[in-house]
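# Provided below are the primary sequence and the corresponding predicted coordinates.
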Amino acid sequence: MDKLKITGGRPLRGEVRISGAKNAALPIMCAALLSAKPLRLRNVPLLRDVSTMAKLLGEMGVRVERSPDGEVVLDAARIVHPAASYELVKTMRASVLVLGPLLARCGEAKVSLPGGCAIGARPVDQHVKGLQAMGATISIEHGYMQASARRLRGARIVMDLVTVTGTENLMMAAALAEGETLLENAAREPEVVDLARCLSAMGAKIEGAGSDKIRIQGVPSLGGAEHRVMPDRIETGTYLAAAAAAGGKIRLTGTAPESLDATLDKLREAGARIEIHGSSIDLEIARRPGAVSVRTAPYPAFATDMQAQFMALACVADGTALITETIFENRFMHAIELQRLGADIRLEGNTAVVKGVERLQGAAVMATDLRASAGLVIAGLVAEGDTVVDRIYHLDRGYEGLEKKLSALGARVERIG
Ligand code: UD1
């Protein structure tokens with residue numbers, strides 16, 4: 001069952017609950033490696049990437065238990081094999097997040113280089129450079145990063161560019177290093193802040209997470225903790241963009257509206273009425289959306305993980321939108337698929353010029369990566385007739401219960417063989 005059939009043309013109406021954030025859960029699961037005491041996590045989404053991470057940690061000797069209510073307990077009392085194989089890293093690049101914690105806790109780590117992926121080159125040089133500045137020796141052998149360090153030392157690290165997992169890797173390593181680490185040009189993403197909160201609950205001394213300067217005082221060891229994973233801002237934004245494109249009125253509960261400023265501003269600009277009540281967001285749109293241009297950049301600017309969804313929205317908007325991608329060099333694979341549905345898109349370097357059309361027509365399309373798939377699903381929801389999205393295993397990596405949630409909003413979706 002690797003295809004999703006969507007019969008488009010219906011507005012979305014209803015209420016769904018947002019899951020825990022994939023991009024917060026993955027680094028936080030890796031944080032368990034830093035302590036010999038259990039880490040108890042709530043609001044962990046049921047996703048392919050989360051099971052992959054559990055498998056990866058399991059291979060190292062971490063005990064991972066999931067209870068039916070979504071609680072996950074990770075116990076890294078003993079780490080028997082501080083390594084991440086190519087087989088797992090190539091399916092999930094976030095696996096590289098084990099490098100910093102393993103090195104800090106075990107003094108050694110062997111982690112596969114991730115290689116390229118559908119959206120671009122995605123090097124990890126900043127992770128490596130930072131750990132080297134902290135005293136690690138890292139060599140590349142047979143496609144693997146072979147890292148060792150007696151005990152990492154605090155250092156002042158100025159990152160050449162803003163990297164989310166790079167910041168997270170170094171923050172985790174620094175938590176157990178000797179002395180103070182100052183990370184400059186750090187990523188300010190809310191998921192970095194959530195990780196810092198979890199590390200602090202484990203006993204780490206971290207200041208400044210959420211700003212571009214994070215100061216970490218290393219401690220000799222960390223303890224156990226309980227932590228609730230923050231809500232998924234990208235899942236939230238995806239349903240909001242879907243409703244803005246298809247029309248209707250939806251309520252998303254259990255989310256974190258304060259992490260969505262850039263997305264909400266753009267949806268308002270498109271003509272949606274948005275109301276926030278605590279952790280709920282209501283969106284209503286009564287007319288065809290207006291064209292809105294977006295430019296991706298590190299948080300708090302517009303997220304690259306929302307780019308494909310907004311391109312889908314632009315396809316049916318009234319007017320012409322410019323969608324500019326500044327984070328990944330090859331993140332327009334969905335544009336070609338959207339054209340198969342009748343979209344008017346012209347690619348000019350890292351900008352897509354999207355002229356909205358009155359209606360899209362259903363067709364067979366192919367998902368190339370997680371967020372591209374989300375864009376195709378949105379387009380399918382507004383297209384006339386049936387759209388079949390192939391390779392939806394990409395969606396299972398990052399959207400918990402996608403068909404269930406879309407059905408709850410009145411969409412006609414069905415998983416087919
Ligand atoms: C994270 C998110 C991903 C999101 C991305 C950008 C997770 C698990 N994934 O990915 O969903 O799309 O942030 O918001 O949180 N770069 C380098 N050298 C490095 C590291 C990165 O050149 O050492 C470049 C990348 O190629 C890219 C840019 O920096 O062009 C940003 O990448 P980065 O923030 O690291 O993305 P991820 O952390 O992999």
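Noted; the coordinates are in hand.
# contacts, neighbours, all on C-alpha from now
Noted.
# Get me the contact residues on the chain for the ligand.
On the criterion Cα under 6 Å from any ligand atom, the ligand has as its neighbours in the chain the residues 23, 94, 121-127, 162-166, 304-305, 327-328.
# Weed out the non-buried ones from those residues.
The neighbour-count test (16 or more other Cα atoms under 10 Å) applied to these identifies 23, 94, 124, 126-127, 162-166, 304-305, 327-328 as buried.
# Could you save those as JSON lines and add columns showing pLDDT and secondary structure?
Below are those laid out as JSON lines (pLDDT from 0 to 100; DSSP: H, G, I helix; E, B strand; the rest coil):
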{"residue": "N23", "pLDDT": "97", "secondary structure": "helix"}
{"residue": "A94", "pLDDT": "94", "secondary structure": "helix"}
{"residue": "V124", "pLDDT": "91", "secondary structure": "coil"}
{"residue": "Q126", "pLDDT": "96", "secondary structure": "helix"}
{"residue": "H127", "pLDDT": "96", "secondary structure": "helix"}
{"residue": "V162", "pLDDT": "97", "secondary structure": "coil"}
{"residue": "T163", "pLDDT": "97", "secondary structure": "coil"}
{"residue": "V164", "pLDDT": "98", "secondary structure": "helix"}
{"residue": "T165", "pLDDT": "97", "secondary structure": "helix"}
{"residue": "G166", "pLDDT": "97", "secondary structure": "helix"}
{"residue": "T304", "pLDDT": "97", "secondary structure": "helix"}
{"residue": "D305", "pLDDT": "97", "secondary structure": "helix"}
{"residue": "I327", "pLDDT": "95", "secondary structure": "coil"}
{"residue": "F328", "pLDDT": "91", "secondary structure": "coil"}
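# Check whether L12 really touches G248, as I assumed.
Yes - here L12 reaches G248: they are 4.9 Å apart, a contact under Cα atoms under 8 Å.
# who has more neighbours, these two?
L12 (25 against 20; other Cα atoms under 10 Å).
# Give me the three-state assignment for the closest residue to E414 other than its chain neighbours.
Spatial nearest neighbour of E414, chain neighbours left out: K5 (5.1 Å); criterion: Cα to Cα, 6 or more residues apart in numbering. Secondary structure, DSSP: H, G, I helix; E, B strand; the rest coil: K5 is strand.
# pretty sure K5 is in contact with A411, am I right?
No - look at K5 against A411 with Cα under 8 Å: they stay out of range, at 10.8 Å.
# How about the residue most central in space within the chain: what's its closest non-neighbour residue?
With distances taken as Cα atoms, centre = their mean, N23 lies nearest the centre of the chain, 4.0 Å away. With sequence-adjacent residues excluded and distances taken as Cα to Cα, 6+ apart, N23 is closest to E191, at 6.5 Å.
# List the contacts of the helix or strand hosting that neighbour.
Using DSSP states H and E, E191 sits within helix 190-201. For helix 190-201, contacts defined as Cα atoms under 8 Å, 6 or more residues apart in numbering pick out 23-24, 27-28, 31, 164, 167-168, 171-172, 175, 206, 209-210, 225-227, 229-230, 259.
# what about V413, helix or strand, and which?
Element membership of V413, judged by DSSP H and E, is strand 412-416.
# buried ones in that strand?
So for strand 412-416, counting by 16+ other Cα under 10 Å, buried means 412-413.
# that older thread, if any of the contacts of helix 190-201 are buried, put those into a ChimeraX selection.
Listed next is the ChimeraX selection for buried residues among those, using 16+ other Cα under 10 Å:
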select :23,24,27,28,31,164,167,168,171,172,175,206,209,210,225,227,229,230,259
